[in-house]
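Asks: Output the structure for:
(one chain, ligands or ions: 1)
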Amino acid sequence: MVAHVRPRKGSRGRCGRCGRRCAGYDRGEGRRRWRGLDLGTIKVFLEADAPRVACPEHGPTVVQVPWARHAARQTRAFEDTAAWLVTHTSKTAVGELLRVTWRTVGSIVTRVVGEARALRDPFDGLRRIGIDEISYKKGHRYLMVVVDHDTGRLVWAAPGHDKPTLAKFFDALGEDRCAQVRLVSADAAEWIGEMVRERCENATVCLDPFHIVSWATDALDVVRREVWNTARRAGVTGHAKDLKGARYALWKNPENLTARQRAKLAWVATLNGPLYRAYLLKEQLREVFSLRGAAGIALLDRWLAWASRCRIPAFVELARRIRKNRAGIDATLTHELSNALVESTNTKLRVLTRMAFGFADPEALIALALLDRGGYCPPLPGRAA
Ligand SMILES: [Zn+2]
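Replies: Numbering: from 1, shown residues only. Now for the predicted structure:
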């Protein structure tokens, strides 16, 4: 079904980019069609002239139309429906229901989010933020992400994980708003902390507990491999095999262990060697971050004393690393930033990166992430609050 339409008089002759009323330029490419929401099973299109105006700022530009966003081939209602569906259902369902390609969905989401971010300042009132990086495409590509600890929202993301990438965020934030930032949680990449101190003079840097605990998990894995290699070289093959299978039992949080893994852990305990001590060290470090506050700091002191004397090289080294980052860790324990927020955002982002597979460029992936985690999902057409 094709409906022939034209804008009301008051909304004619405006620049498609800025909405300014401008003098006419030419007829553009003549009549154009926009895909609308289906009427039952029938595809609907709006058809109208699409002349160009001479905008003093944007030059010759196709006029604004009230039923669609600039440069869109679908109506606003269609795009909002697509964006809503993306955050509420599967990729396949969106494509089949709306009869569009996934690539089209990508450009729709980019437009919807772009418009919403232009309408309200995404950096307004940022006080406590989290900076992190997530890998996608099997760890070959990275996104840097910034979340707002107060609203729980993703506020910024960009491809890359280096200084110039993060500098773009602080540039966009601007000096005044940088000065308003009080707390920044970050993974322990030193350059992030350095840059935050450089750009946000009033901010305290808190290190992300998740990353600190992951250092301990890595150290534990080093110990497990050493013990395993020793057992293998000594020809105790059954023992070596059991150790190899113990990886998950050692690595998982004890409350999540299966019965078999608990048994495995009990077996490691009976060996009473460095591996079990390494496990206990890892668990106690985790306890530091669940206690938090003064109790957490006191436990961390005792932990450092223990780890420094434990004669397990990987943990002696870990203790050194933690001492070096002590200020940022104490800040984390004192300020109680929601680490769970960053983690859940990252988990969700990983799901989204898989979903975004097939988008032409990382901008569409970022738009999808912002749509879902940044609070930019539009209401369904006609049902706005
Ligand atoms: Zn303009």
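
Asks: Count the residues that sit near the residue in the stretch 101-250 of the chain that the ion sits nearest to.
Replies: Sorted by distance to the ion under Cβ to the ion, the residues of the stretch 101-250 of the chain start with Ala118, at 13.1 Å. No exception for glycine: its C-beta is placed from N, CA and C like everyone else's. When neighbours are counted by other Cβ atoms under 10 Å, Ala118 registers 9.

Asks: Near the ion, which residues of this structure are found?
Replies: The chain has residues Cys15, Arg17, Cys18, Cys55, Glu57, His58 near the ion, with proximity defined as Cβ under 5 Å from the ion.

Asks: The residue of the stretch 101-250 of the chain closest to the ion: what secondary structure?
Replies: helix (DSSP: H, G, I helix; E, B strand; the rest coil).

Asks: So which elements touch the least confident helix or strand in the chain by mean pLDDT?
Replies: When each helix and strand of the chain is scored by mean pLDDT, DSSP states H and E, helix 237-245 comes last, with a mean of 73. With contacts taken as 3 or more Cβ pairs under 8 Å, 6 or more residues apart in numbering; DSSP states H and E, helix 237-245 sits against helix 209-233, helix 259-271.

Asks: Output that helix as PDB - backbone C-alpha positions only.
Replies: C-alpha atoms of helix 237-245 as PDB (Å, rounded to 0.1, in the frame of the first residue of the first chain):
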ATOM      1  CA  THR A 237      50.600 -39.400  35.600                       C
ATOM      2  CA  GLY A 238      47.400 -40.100  37.500                       C
ATOM      3  CA  HIS A 239      48.200 -37.300  39.900                       C
ATOM      4  CA  ALA A 240      49.000 -34.900  37.000                       C
ATOM      5  CA  LYS A 241      45.700 -35.700  35.300                       C
ATOM      6  CA  ASP A 242      43.700 -35.100  38.500                       C
ATOM      7  CA  LEU A 243      45.500 -31.700  38.900                       C
ATOM      8  CA  LYS A 244      44.700 -30.800  35.300                       C
ATOM      9  CA  GLY A 245      41.000 -31.500  36.000                       C
END
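
Asks: Only the buried residues of it, if you could.
Replies: His239, Ala240, Asp242, Leu243 (16 or more other Cβ atoms under 10 Å).

Asks: Select, from the residues you listed, the two members most distant in space.
Replies: The most widely separated members of these are Ala240 and Asp242, with 7.3 Å between them, by Cβ to Cβ.

Asks: now the strands for the stretch 251-385 of the chain?
Replies: Here the stretch 251-385 of the chain has no strands by DSSP state E, counting those that start in this stretch.

Asks: could you pull out the helices for it?
Replies: With DSSP state H, counting those that start in this stretch, the ranges of helices along the stretch 251-385 of the chain come out as 259-271, 274-291, 293-309, 313-324, 326-335, 339-355, 362-373.

Asks: I'd like to know which elements the last one is packed against.
Replies: The contact analysis (3+ Cβ pairs under 8 Å, 6+ apart) places helix 362-373 against helix 76-88, helix 102-119, strand 141-148, strand 153-159, helix 339-355.

Asks: Tell me the helices and strands packed up against the second one.
Replies: The one in question is helix 102-119. Contact analysis of helix 102-119 by 3+ Cβ pairs under 8 Å, 6+ apart lists helix 76-88, helix 91-98, helix 362-373 as its packing neighbours.

Asks: Can you lay out those helices as CSV showing distance to Asp150 and mean neighbour count?
Replies: Below are the helices and strands packed on helix 102-119 laid out as CSV (distance: least, Cβ to Cβ, whole Å; neighbours: other Cβ atoms under 10 Å):
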stretch, distance to Asp150, mean neighbour count
helix 76-88, 22, 21
helix 91-98, 31, 15
helix 362-373, 15, 24
